[in-house]
Structure formats: C-alpha cells, structure tokens
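Asks: structure, please.
(chains A and B)
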Number of protein chains: 2
Amino acid sequence: MGDFIIGIDIGGSKVLTGILDKTGRVLTRKKETTCSQGQPGEVMDQVAGMIELMKDELGIGAQDILGIGAGVPGPLDYYRGVVLESPNLRWPEYPAGSELNKRLGSKLLLEKDTNAAALGEFYYGSSKKIRNLIYITVSTGIGAGIIADGNLLHGHKGGAGELGHMLIEPGGRSCGCGRQGCLEALASGTALEQEAREMIAHGQAQSIQALIGDGKPLTARELGWAARQGNKEAHDLISRAADFLGIAITNLVNLLNPERVVIGGGMGLGLQDLLLPRIKEYVFNHVFRLHRQDLEIAATQLGEDIVLLGCATMVLENKQMFRK
Amino acid sequence: MGDFIIGIDIGGSKVLTGILDKTGRVLTRKKETTCSQGQPGEVMDQVAGMIELMKDELGIGAQDILGIGAGVPGPLDYYRGVVLESPNLRWPEYPAGSELNKRLGSKLLLEKDTNAAALGEFYYGSSKKIRNLIYITVSTGIGAGIIADGNLLHGHKGGAGELGHMLIEPGGRSCGCGRQGCLEALASGTALEQEAREMIAHGQAQSIQALIGDGKPLTARELGWAARQGNKEAHDLISRAADFLGIAITNLVNLLNPERVVIGGGMGLGLQDLLLPRIKEYVFNHVFRLHRQDLEIAATQLGEDIVLLGCATMVLENKQMFRK
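Replies: Numbering: from 1, shown residues only, chains lettered A, B, ... in the order given. A predicted model of the protein is given here:
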C-alpha cells in the first residue's frame, strides 16, 4: 500500500499522465502528443514510458503506488475494459484495460474519460456538497459523465453518458456516427470549424477570414477571437452552438434534475465567456421550475487536470473495478 | 405490522386504488373517475373513501396495514411531497403528501406515478434479473421513470424522468409547457388527436373521418382502428409519432444504457402493435453497438395495475420516504 496515485488521461490528440498524492495534489505531470494514431499498442507503450519517467523523477517504485486510474475515450465496454468504435482515437476495438494491465500491473482502474472527469469534479470541483452533477466536455467531440443521487452512472455495459449523439435537429448536419443532427455535429469544436469552412467556401463569412488572416485555419479558438473582436458572423456561429448545447442541457436537466452542470473540454473552456451566458439563459428559460431550483451551470475550475483528479478519486474510492 | 399494502394511483382522468398482499397480488381494487378536476382536496377525500370501502370489503382495519404507497402525476417535489404545476391534474401546487397523510395516517410513501410504475416493472415485470430499466408512459402526456444501476433515480428535487419535454423538433408543434417541439407535443395521445383534428379542419385526412364515422371523435384509439383497417393517413400519423418516440428512446439509450425500455400508458398499450415495431427499428438502427447489446424494448405486461405494484414495491422496500 503506497501513498502515490498514478493518473492517466488518454485522448485523441494528447496523453496526459500525473502522479498525485492522496489529497489530490498533482506532484508531477507529463503531457505528450498521442503516438501514431491508429496503433493503440504504441500509445500504451507511450503511457508506460511516461509513467516510468515520472516515477524516476520522484524516486519512487512499484511498492509506493496505491493504485492507477486511467481515463479513455468512449464508448467503453466498462466491465470488459474494451474501448469500442472510438472515432477520436480511430481504434476499432481495443482491450485497453488488459493492455494497460500488462504494462502497468494489476492496480489499474479504467473509466471513460468523461466519467473520470465527472468524478474529479464531484470530489474536487466545488466545496458545496451535492449529489447530482453532470459533466459535459465540449471539444473535438461532446460527451458527458453523469452522477445521479450520489452514484456515477454506468448503465448496462458502461455506456451511460453518450451525450454527443443526442439528436437535436432531425435532418440537420451529418455526424461522424452516420446520423444527422446529433449534438456533436452541431456544437463541437469540429462542427464549428467545419461550418465556418463551409460558409467561406460558399462565399459567406469572408469577414471572419479577413479578420483572422488569409489562409489561417478557422479553429474554434480563432472564431472565438474574431467574435470577441466584434465580428458578427463568428459571434452568430458560436451563439448557435451555444443554443444547441442549451437544448441538450435542458433535456438533461429535465431528465436527471442535477444541481450542477459543469462544462469542460477545449472549446467549452476556451469559449466559456461566449458560450456560458447564452447556455444559461436558454436552460433557465426552458426547464421546469422544480428543476431550476439550486441549479448551477458553470465551467470547471479544475482545468486540464480534471481527468487525473478523477483517476485519484477512482483509486481512493476503489469501488470501480473494470472486471466484474 | 400488518400484512396488507394499500396502493393508490391518482391520474388526471381516473383514480385507481387497490389492496395487495406482500407477494404483490391485488386482492381488491377500485377505479373511479377523478373527482372535479382543479379541486385537489376533493380528490384526496375520494381516495380516502375508496380505501375505506376496500378495507370494509376485506374486513381489515388500520392495524392490518403494512404501508401505503401512492403515485401522483409529476412534476413532484419529492422530498416535500408537493405536486407542482401538473398540467394533467390542473393543480397549481399541492402538498399531496401531507394531505394524504392527514386522511390516511403516516405509513404513506409518495412517488411520481411514472417512478412508481418503473418500480413495479422492475420488481414484477420480468423474471430476467436486470439493473437498468426505463419505463415510459405514452398517454395524454408522456413521462418516464428511470432505474439506473439498480436505483430509482430522483435527482436533486425528485424531478428526474421528465421525458415529455425532451425537445425533439425545434420549432415544431406547440407544447402545453410553452415550448415548441417537445416529445409530448409530437407523440402523446393528445398530440395525435389534435393533429388528426387539424388535418381534417384543413381538408386533409377525410378518409380517416369517413372510415371512423362523421362527427365521431378522432381519439388515438379510433386512429389505431383506422390504421389497422388499412387507412394510410391514420397509419402515417401513428408512424410519425412512433418515429418521434424512437428518437427520444435513442437519446435515452445512448445516455443511460438500459437493458430494458418498457412502454405503458393508454396509447402506448392500445397502439403497441403499431408503435413498437417501428420504435424498435428506429432505436436499433440508431444507438451505439455497445448500447444495443441485450437491449429489449417492450410493452409492459402489468397492464393497468403497474402503479399499484410499484406502490407495493415502495412499501416493501421502504427506502423511499417522502420527507428527508
């Protein structure tokens, strides 16, 4: 029984690892670009290498480790520890649990990244004692982790929280999942960028490109910058995404009656000044009176380490074993 | 500690009461039209009177009662036992818990009717051992009760399960809640009847009216009958409602990963032959592969007594107290 916790956050573009103490303090961390997408084995080796370096740095060995938590992109077959059809990682179906086990030993607990983030937020995010929280990441994709009546929801196979494919606009923009009008196709960073590109290709929204600079890529970040400079078209694009997020969150609040909805993810945090006021306005105008009581909608204060903190929670709670 | 359980199901159009034994057998039941809508006190008196009659009938007294469960329309402020802005009952805000208490004594447990039904289905509905179930009532309104990882979800104030106001078609038909395009405005019995009436007022769908008979009301039941006679317009109306239900259930399945989705309610049961095949097709074509595993979508086999059976479950579990 050691005193140190290892946290792992595997994403489509970056891998983040950290060693934390039992209070959730991050003692050391490493961040790298995810190795050669499509080769999950290499990513696992990368993670193992990063952890070795961190352990060396702190001068600790296997006996000092209390446990290891890892967050991976969903959908995750939770009880088997298998990552499925992950569009962001482009892994077809990969037993991440057992592969990490092989490299890191058996003290490993696995969660979908959004679930890990919800746990991190639940324990470290706010001093207020609550029992119902929804964490939403708005990034290249959109996903959620749901804590209801004090429990992290998994559902039958661990698939709970797949918010990105809530149908918001039937017949709307095509989604990577093959359907049309999913939230992710309307309000993710990817959607925003694609929409801006299409507008420009159709001879619209020149003012955005002019402002940002010819040939510069129209990322969500750049669109946010343009909107803050007063560019109306960029502002409208972001506002529309906020309204779609508002619809999805309204649906969630009516369904689950949470006290806190916390938004994270690259776009969610980067554009929070533009998104949050509009999302809040929509939601508070559209949910039941009962569901408005005590409801808070906020950006996470935990920043990039939220999944690492969730990993610490998993280990400290030690309730979530990835095999039945 | 008696051996008998009293179950109460208060609805907008009918009140159903029953006395059950500990195995969930309904020993006697009474069903009446709900007294003078808008006067909740009278309905409470009506319930008390019905129960007295049933007790007389069985020759039992207060000492023989193990507990009393009641299901009331939502939204219900669960921890205070207060029914709020219930459109079906037209009660503004009513402390149903304490008012039933006054009349029936303190052994009373209160739940939203859809939550009670979900509990009934969970314990008495299927022999298969499952931990994740969603009950959906499709009737004059639409609502749900959610059991996730073995627990009935309440959320912060007990508002979990308000499915009727999931936004399905932005800018679609106006809903009683003031929004547009809610599931209830698109796929409830009320919506179906209104849509048929509007079509006829606009000179469409004459064939339905001709088939059903001039001047006869176009209820969901009559529309079902016409559809089964081969009337295409009635069939299309019902199919569209099924597709909207399919969208909502797809969203629910992706969010909560249940093993069973069970449909009840007057329209849900009455039109199940027309609705279910189409709902299933939609959902199985649109949810994630992980979420399709073991998924069953079915009509409840418990019929009209489902809420009474949920009341028995509440009493036998005795975990749900309506005051904190």
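Asks: which residue is nearest the middle of chain A?
Replies: A:Thr137 (3.8 Å; CA atoms, centre = their mean).
Asks: am I right that A:Ala234 is in a helix?
Replies: Yes: A:Ala234: assigned to a helix according to DSSP: H, G, I helix; E, B strand; the rest coil.
Asks: give me every residue that touches it.
Replies: A:196, A:205, A:208, A:211, A:223-224, A:226-227 (CB atoms under 8 Å, 6 or more residues apart in numbering or on different chains). To be clear about C-beta, it is placed using only N, CA and C from the backbone, and glycine gets the same treatment.
Asks: which one (most neighbours) among those residues?
Replies: Top of the contacts of A:Ala234 by neighbour number is A:Leu223, holding 29 neighbours under the definition other CB atoms under 10 Å in any protein chain shown.
Asks: wait, isn't it in contact with A:Leu237?
Replies: Yes: in this structure, A:Leu223 is within contact of A:Leu237 by CB atoms under 8 Å, at 6.1 Å.
Asks: which residues are in contact with both of those two?
Replies: Contact with both A:Leu223 and A:Leu237 is made by residues A:192, A:196, according to CB under 8 Å, 6+ apart.
Asks: hmm, back to that, can I get the contacts of A:Ala234 in a markdown table including distance to chain B?
Replies: Below are these laid out as a markdown table (distance: CB to the nearest CB, whole Å):
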| residue | distance to chain B |
| --- | --- |
| A:Ala196 | 22 |
| A:Ala205 | 23 |
| A:Ile208 | 25 |
| A:Leu211 | 30 |
| A:Leu223 | 22 |
| A:Gly224 | 24 |
| A:Ala226 | 26 |
| A:Ala227 | 23 |
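Asks: most widely separated two among the residues you listed?
Replies: Within the contacts of A:Ala234, A:Ala205 and A:Gly224 form the most distant pair, 14.6 Å apart (CB to CB).
Asks: once you drop chain neighbours, what's closest to A:Ile142?
Replies: A:Gly164 (3.9 Å; CB to CB, 6 or more residues apart in numbering or on different chains).
Asks: could you report the neighbour count for the one you found?
Replies: By other CB under 10 Å, 26 other residues sit near A:Gly164.
Asks: am I right that it sits in a helix?
Replies: Yes: assessed by three-state DSSP, A:Gly164 belongs to a helix.
Asks: residues contacting A:Arg221?
Replies: With CB under 8 Å, 6+ apart, A:Arg221 has these contacts: A:270-271.
Asks: and with 7 Å instead?
Replies: A:Arg221 is in contact with A:Gly270, counting by CB atoms under 7 Å, 6 or more residues apart in numbering or on different chains.
Asks: give me phi/psi at it?
Replies: Main-chain torsions, A:Arg221, degrees, to the nearest 10: phi -60, psi -40.
Asks: from A:Leu271, how far out is it?
Replies: 8 Å (CB to CB, to the nearest Å).
Asks: chain neighbours aside, what residue packs nearest to the residue nearest to the centre of chain A?
Replies: A:Gly265 is the one closest to A:Thr137 (CB to CB, 6+ apart), at 3.6 Å.
Asks: just A:Gly145 next, same as before
Replies: The spatial neighbour of A:Gly145 that comes closest, neighbours along the chain excluded (CB to CB, 6+ apart), is A:Ala118 at 2.8 Å.
Asks: how about the secondary structure of that neighbour?
Replies: Classified using three-state DSSP, A:Ala118 is helix.
Asks: isn't it up against A:Ala148?
Replies: No: A:Ala118 sits out of contact with A:Ala148 when judged by CB atoms under 7 Å, with a separation of 10.4 Å.
Asks: the two: which has the busier surroundings?
Replies: The neighbour comparison of A:Ala118 against A:Ala148 (other CB under 10 Å) goes to A:Ala118, with 31 against 26.
Asks: show me what contacts that one?
Replies: So A:Ala118 contacts A:133, A:135, A:145-147, A:152 (CB under 7 Å, 6+ apart).
Asks: from the residues you listed, which land in strands?
Replies: Within those, residues falling in strands by DSSP state E are A:133, A:135, A:145-147, A:152.
Asks: pull the number of nearby residues for the residue in the stretch 51-200 of chain A that chain B sits nearest to.
Replies: Across the stretch 51-200 of chain A, no residue is closer to chain B than A:Gly155, which sits at 2.6 Å (CB to the nearest CB). By other CB under 10 Å, the residues close to A:Gly155 number 24.
Asks: the closest residue in space to it that isn't next to it in sequence and A:Arg228, how far apart?
Replies: Nearest residue to A:Gly155, sequence neighbours excluded (CB to CB, 6+ apart): B:Asn257, at 2.6 Å. In this view, B:Asn257 and A:Arg228 are 39 Å apart by CB to CB.
Asks: with neighbour numbers in mind, choose between those two.
Replies: B:Asn257 (29 against 14).
Asks: tell me who's in contact with the more buried one.
Replies: Contacts of B:Asn257 by CB under 7 Å, 6+ apart are A:155-157, A:159-160, B:132, B:291.
Asks: likewise for A:Asn115?
Replies: A:145, A:152, A:161.
Asks: any chance of those in TSV, with pLDDT too?
Replies: Shown next, in TSV, are the contacts of A:Asn115 (pLDDT from 0 to 100):
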residue	pLDDT
A:Gly145	98
A:Leu152	97
A:Gly161	97
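Asks: neighbour-wise, which one of those residues leads?
Replies: When neighbours are taken as other CB under 10 Å, the top entry among those is A:Gly145 (31 neighbours).
Asks: kindly report the residues of chain A close to chain B.
Replies: Residues of chain A that fall close to chain B, judged by CB under 7 Å from any CB of the partner chain: A:75, A:77, A:84-85, A:132, A:148-149, A:151, A:153-157, A:159-163, A:165-167, A:169-170, A:179, A:247, A:250-251, A:254-259, A:286, A:288-291, A:293-294.
Asks: next step: the residues you listed restricted to strands.
Replies: In this view, these that belong to strands under DSSP E are A:77, A:84-85, A:148, A:151.
Asks: any chance of these in JSON lines, plus pLDDT?
Replies: Formatted as JSON lines, those follow (pLDDT from 0 to 100):
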{"residue": "A:Asp77", "pLDDT": "95"}
{"residue": "A:Leu84", "pLDDT": "89"}
{"residue": "A:Glu85", "pLDDT": "76"}
{"residue": "A:Ala148", "pLDDT": "97"}
{"residue": "A:Asn151", "pLDDT": "95"}
